[in-house]
Structures are given as structure tokens and as C-alpha cells.
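**Student:** starting from these lines, generate the structure:
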Amino acid sequence: MQYISTAQQIRRASLAGALLAAMAMPAGAVDLKTADGSWTFSISGNVNVDYIYSSCQSPDSAASVNGGLTCVGSANSNNVSNIGNGLLPAAFSFGVATTQDGIDLAAHLGLYPGIATNDGGSPNLQAGANGATGSSNTALGSTGLDLRQVYMTFGNKSMGTFTLGRNIGLFGSDVILNDMTLLGVGAPGSAAGAAPSNTTLGGIGFGYIYTDWLAQIDYTTPDFSGFNITVGIFDPINSLSDVGATQPKKAPGFHAKATWTLPFNDTTKLYLSASFLSQEQDWNVTTGAGPTNYSYTGNGIDFLAKLDVADFEVVGYYYHASGLGTTALFNGGAFNGVDPATGLPLLGQTRTSDGYLGQVTYKFGPVKLGVNYGESKLDWADTADQTVNPDLVASNKKGTIGVYYSLTKNLMLLAEASRVKSEAHVGGSNDATTVNVGAFLGF
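**Tutor:** Residues are numbered from 1 along each chain as shown. Predicted coordinates for the structure are as follows:
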């Protein structure tokens with residue numbers, strides 16, 4: 001693997017460029033140089049819009065699935081229409097880069113607006129969720145702006161590269177970047193409800209956990225014949241589902257990633273990666289015995305393999321986790337309740353989860369055809385969890401077929417159809433179908 005200059009790094013490091021590369025679309029960032037040529041300024045990004053139609057499970061026949069990701073209809077209708085972004089919001093990514101004293105320096109800022117009407121603070125946490133306030137999908141509203149990225153890098157070919165700031169995480173990043181629904185819709189998520197957020201789920205929760213965007217300090221080794229390792233620490237994030245008051249964390253989170261690219265010839269190469277994440281949760285809750293501290297550690301490991309043979313591509317992915325849940329990091333990853341047998345509180349009992357995604361795509365001319373299937377599974381923490389939560393989700397499954405047509409070098413038209421299913425441990429399941437058509441303009 002060839003070392004790339006800082007100007008190239010900042011363009012490729014932007015998520016918009018990485019996503020376009022994942023779909024074999026050119027990332028045509030605009031580069032501007034200062035008069036003396038010492039600094040390079042760049043901009044890249046995308047605008048994407050889809051019509052999303054979902055046929056949800058009828059409420060008359062819907063099963064109770066705690067943690068299920070399949071939409072359920074209402075008394076009004078089982079069908080939901082939405083016009084919005086897909087798995088990606090729009091993106092406008094700005095970068096600056098230079099080389100000083102033999103060290104490449106760069107900084108990056110990514111702005112990610114959506115088109116959904118949501119004034120409830122974070123565009124991912126809508127009104128009424130987690131204490132958020134404000135309007136959602138109403139007149140006189142506006143869209144939310146997602147400030148996902150702001151980071152700097154420095155390094156060179158011999159010393160490796162340091163990355164400091166807010167950027168995409170390491171665990172689970174490769175699978176979402178290679179998910180064919182990344183530029184499409186996949187599973188609709190909130191787009192099949194009354195209060196759509198800026199993005200859909202794609203394959204999140206259906207084969208992989210969302211990597212998220214983390215404040216982090218990382219180091220990536222120099223390239224060793226296509227092999228490199230990234231290690232780092234990140235700001236520990238609080239879970240969305242634990243009870244009580246979160247406490248200051250004793251230590252940062254830790255993550256690491258190893259990648260290996262093996263080119264066999266000009267048209268065939270194999271890419272392998274493995275990543276790891278670990279972080280402790282610390283909480284305080286008042287029980288019958290008074291204030292009680294509890295903590296647990298969430299761990300995850302994943303593996304991805306991607307084989308490219310000319311225009312044919314196969315992707316396989318697997319993860320195993322404890323305390324992380326199946327969708328957002330740490331959401332539903334632990335049981336907090338009362339033991340029915342003893343009446344004593346049980347806090348921070350971790351649940352085990354695992355999942356996989358398989359995908360095949362083929363490109364001929366300007367058209368790419370693809371199919372993928374993913375499944376995420378969650379286990380009870382213990383017998384008390386089983387007794388208290390018999391309807392806990394056992395699995396969320398999704399299959400998607402898609403057609404992606406490059407009308408021009410930078411404009412893609414696409415259509416997808418997805419079938420999702422959520423099953424409870426105690427029995428019962430919900431099914432739904434989503435179809436979408438849209439356009440993706442990358443630059």
C-alpha cells in the first residue's frame with residue numbers, strides 16, 4: 001500500500017470520500033492551494049434524497065418485541081411514506097493540509113445536514129426521546145445539523161499517523177463503509193414513523209452495531225506491505241438504556257483495528273480487517289438499600305473480509321459483543337432490574353450479542369446490482385432477565401436487493417427493496433417491507 005500525501009489523506013479521510021469510494025463512485029473533491037503552494041484547502045460531500053415507502057406489520061397482529069426494529073402500523077394505516085435522506089445525511093466536508101519540517105499536517109471539519117424537519121436538538125434523538133424537546137415533522141420547523149467530524153492528523157511515511165479529535169470509530173466502521181445500502185436506505189428506521197430523523201438504519205442493527213462518532217486519540221503504524229494497525233483511546237460515552245445517574249468514568253474507552261490488503265493482480269485483491277472496543281459504564285441508582293453504584297464493561301470484536309475480482313465483490317462480516325447491545329453502542333446491552341426470586345436489585349448484568357452480514361455485488365457498465373443479508377442476535381443476561389423480559393428481541397433480520405445506476409460520473413440513481421423481521425425470545429415476530437427510489441450526488 002502506497003503512502004499518500006497529506007492533501008490526499010484529507011480528501012480520503014473525509015467520510016464522504018470514503019463512502020463514494022466504497023460504492024465505486026469518484027470522490028471529486030475541489031482542491032485549492034495558497035499562492036505559495038504551502039497549504040491545500042479541499043471540499044467534498046454529497047446530497048442524497050429518497051422516496052421511502054414502508055408496509056409495516058399490522059397492529060392487530062403485531063407481537064411484542066422489546067428491541068425489535070420492524071415498524072408497526074397505526075390505527076390510520078399500515079403504510080408509511082417519507083421523503084428524506086437515506087442511511088447517510090447530506091455532507092459538506094472541509095479540509096486543510098500542509099507539510100512542515102517533513103511532517104504532514106491536516107485538519108478536517110464535516111457538516112452533515114439532513115432534509116427531515118426536526119428541531120429537537122440532535123437530529124438522531126427526536127422530540128420526546130431521551131428528554132429531547134422541540135418540533136419534529138411540523139410546519140415552521142427546520143432540519144437538524146449533525147456535526148460529526150472535527151479532527152486533526154499529523155505524521156509521515158516513517159513515523160505513522162496520529163489522529164486527534166472527533167471522528168468515526170474503529171469498531172464496526174469497515175462494515176458500514178462497505179454496506180451497499182450506505183448510499184441508499186436499507187431498513188427505514190424512523191422513516192417508517194411519524195417523526196423521521198436525518199437518516200435511516202441501512203444495515204445498523206441488522207448484522208452490525210453502529211460504529212458511532214467518538215472523541216478520540218489514535219495512532220496508525222506505517223504501512224508494512226499492506227498491513228497496518230491503529231490503536232487509540234476514546235471519550236467514554238454513556239449508554240442510552242441504563243438506569244440511574246451516570247458517573248464520571250474512571251478510564252477512557254479503548255479501541256484498536258488491524259487491516260491487511262493483499263493484491264493478487266491488477267483486478268483481484270483481498271482485504272481483511274479486525275477491530276476491538278472496550279469501555280466501562282459507571283452508574284448510581286437509588287434502591288431500597290439506598291444509593292447504589294454499579295458498573296460493567298462493554299466489549300466487542302469484529303472481523304471483515306472483502307474479495308474483489310474485477311467487477312465482482314463479496315463481503316463477509318461477523319461481530320461478537322458483551323454489554324454493547326445490537327444497534328447503538330451500549331443500548332440494551334445490560335439488564336437492570338429486580339430478581340423475582342429474591343427481590344434484590346440486579347444491576348449491570350451484561351447481555352451477549354452477535355451478528356453477521358453477507359453481501360454480493362456485480363458491476364457492469366454504469367450499473368451495479370447487489371444483494372445483502374444481515375442478522376443481529378441478543379441473549380438474555382440471566383434467568384432474572386429472562387423472567388422480567390420474556391419478549392426481549394432474539395434477532396433482527398434484513399435482506400436487501402438494490403440497483404445503483406451511475407447516470408453521470410457524480411450522479412447515481414438507485415432503487416432498493418428490503419424485507420425486515422424481528423423475533424422475540426418468547427415467540428412471535430413482526431415483518432415489514434420497504435422500497436425506495438432516489439438519487440445521490442457526490443462531489
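
**Student:** buried residues in stretch 218-229?
**Tutor:** 218, 220, 223, 226, 228 (16 or more other CB atoms under 10 Å). All C-beta atoms are positioned from the backbone trio N, CA, C, and that covers glycine.

**Student:** which two from these end up farthest apart in space?
**Tutor:** Asp218 and Gly226 (19.4 Å; CB to CB).

**Student:** list the contacts for the residue nearest to Gly207 when sequence neighbours are not counted?
**Tutor:** Nearest-residue entry for Gly207: Gly374, 2.3 Å, with adjacent residues in sequence omitted and distances by CB to CB, 6 or more residues apart in numbering. Contact partners of Gly374, counting by CB atoms under 8 Å, 6 or more residues apart in numbering, are 203, 206-208, 355-358, 397-398.

**Student:** which of those residues are buried, as a ChimeraX select command?
**Tutor:** The buried residues among those can be selected in ChimeraX (16+ other CB under 10 Å) with this line:
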select :203,206,207,208,355,356,357,397,398
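
**Student:** now the contacts of Gly374 as TSV including secondary structure?
**Tutor:** Below are the contacts of Gly374 laid out as TSV (DSSP: H, G, I helix; E, B strand; the rest coil):
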residue	secondary structure
Gly203	coil
Phe206	coil
Gly207	coil
Tyr208	strand
Gly355	strand
Tyr356	strand
Leu357	strand
Gly358	strand
Lys397	strand
Lys398	strand
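
**Student:** let me have the contacts of Gly374 in TSV, extended by pLDDT and distance to Ile168.
**Tutor:** Formatted as TSV, the contacts of Gly374 follow (pLDDT from 0 to 100; distance: CB to CB, whole Å):
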residue	pLDDT	distance to Ile168
Gly203	98	16
Phe206	98	19
Gly207	98	18
Tyr208	98	13
Gly355	98	19
Tyr356	98	21
Leu357	98	18
Gly358	98	23
Lys397	98	26
Lys398	98	22
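
**Student:** how about the most centrally placed residue in the chain, secondary structure?
**Tutor:** The chain has Tyr210 as the residue nearest its centroid, 3.4 Å off, counting by CA atoms, centre = their mean. Per three-state DSSP, the local secondary structure of Tyr210 is coil.

**Student:** now the protein, which segments are flagged as low pLDDT?
**Tutor:** 1-28, 120-121, 126-135 (pLDDT under 70).

**Student:** could you pull out the helices in it for me?
**Tutor:** Applying DSSP state H to the chain gives helices spanning 6-13, 15-22, 173-178, 383-388.

**Student:** check which helices and strands the last one is in contact with.
**Tutor:** Under the contact criterion of 3 or more CB pairs under 8 Å, 6 or more residues apart in numbering; DSSP states H and E, helix 383-388 touches strand 334-338, strand 345-350.

**Student:** got it, and the third one?
**Tutor:** Here helix 173-178 touches helix 15-22, strand 253-263, strand 268-287, strand 290-309, strand 312-322, going by 3+ CB pairs under 8 Å, 6+ apart.

**Student:** in contact with the residue nearest to Ile237 when sequence neighbours are not counted, which residues?
**Tutor:** Leaving aside its chain neighbours, Ile237 sits nearest to Leu329 (6.5 Å; criterion: CB to CB, 6+ apart). Contact partners of Leu329, counting by CB under 8 Å, 6+ apart, are 209-210, 212, 237, 239, 277, 298.

**Student:** and the nearest residue to Gly186 once chain neighbours are set aside, how many neighbours?
**Tutor:** Excluding its sequence neighbours, the residue lying closest to Gly186 (CB to CB, 6+ apart) is Gly202, at 3.7 Å. Look at Gly202: counted by other CB atoms under 10 Å, it has 30 neighbours.

**Student:** am I right that Thr161 is in contact with Thr153?
**Tutor:** Yes: if you go by CB atoms under 8 Å, Thr161 and Thr153 touch, sitting 5.6 Å apart.

**Student:** distance to Lys249 added to the contacts of Gly374, as a markdown table?
**Tutor:** Formatted as a markdown table, the contacts of Gly374 follow (distance: CB to CB, whole Å):
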| residue | distance to Lys249 |
| --- | --- |
| Gly203 | 29 |
| Phe206 | 30 |
| Gly207 | 29 |
| Tyr208 | 25 |
| Gly355 | 26 |
| Tyr356 | 31 |
| Leu357 | 31 |
| Gly358 | 36 |
| Lys397 | 34 |
| Lys398 | 33 |
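
**Student:** tell me the one of the contacts of Gly374 nearest Lys409?
**Tutor:** Gly203 (26.5 Å).

**Student:** OK, contacts around that closest one?
**Tutor:** Here Gly203 is in contact with 175-176, 179, 181, 186-187, 357, 372, 374, 398, 400 (CB under 8 Å, 6+ apart).

**Student:** ditto for Phe303
**Tutor:** Here Phe303 is in contact with 272-274, 317-319 (criterion: CB under 8 Å, 6+ apart).

**Student:** looking at the sheet around it, what are its partners?
**Tutor:** Ala274, Tyr318 (DSSP bridges).

**Student:** if I look at it, how far off is Gly332?
**Tutor:** 23 Å (CB to CB, to the nearest Å).

**Student:** same question for Ser55.
**Tutor:** 26 Å.

**Student:** the two: who's more crowded?
**Tutor:** Gly332 (23 against 18).

**Student:** thought the more buried one was touching Leu69?
**Tutor:** No: at 11.2 Å, Gly332 does not count as touching Leu69 under the criterion of CB under 8 Å.

**Student:** pull out the buried residues from stretch 291-299.
**Tutor:** 294, 296, 298-299.

**Student:** what bridges to Gly290?
**Tutor:** Applying DSSP bridges, one finds that Gly290 bridges with Thr287.

**Student:** burial check on it, number of neighbours?
**Tutor:** 6.

**Student:** what do you get for Lys249?
**Tutor:** 16.
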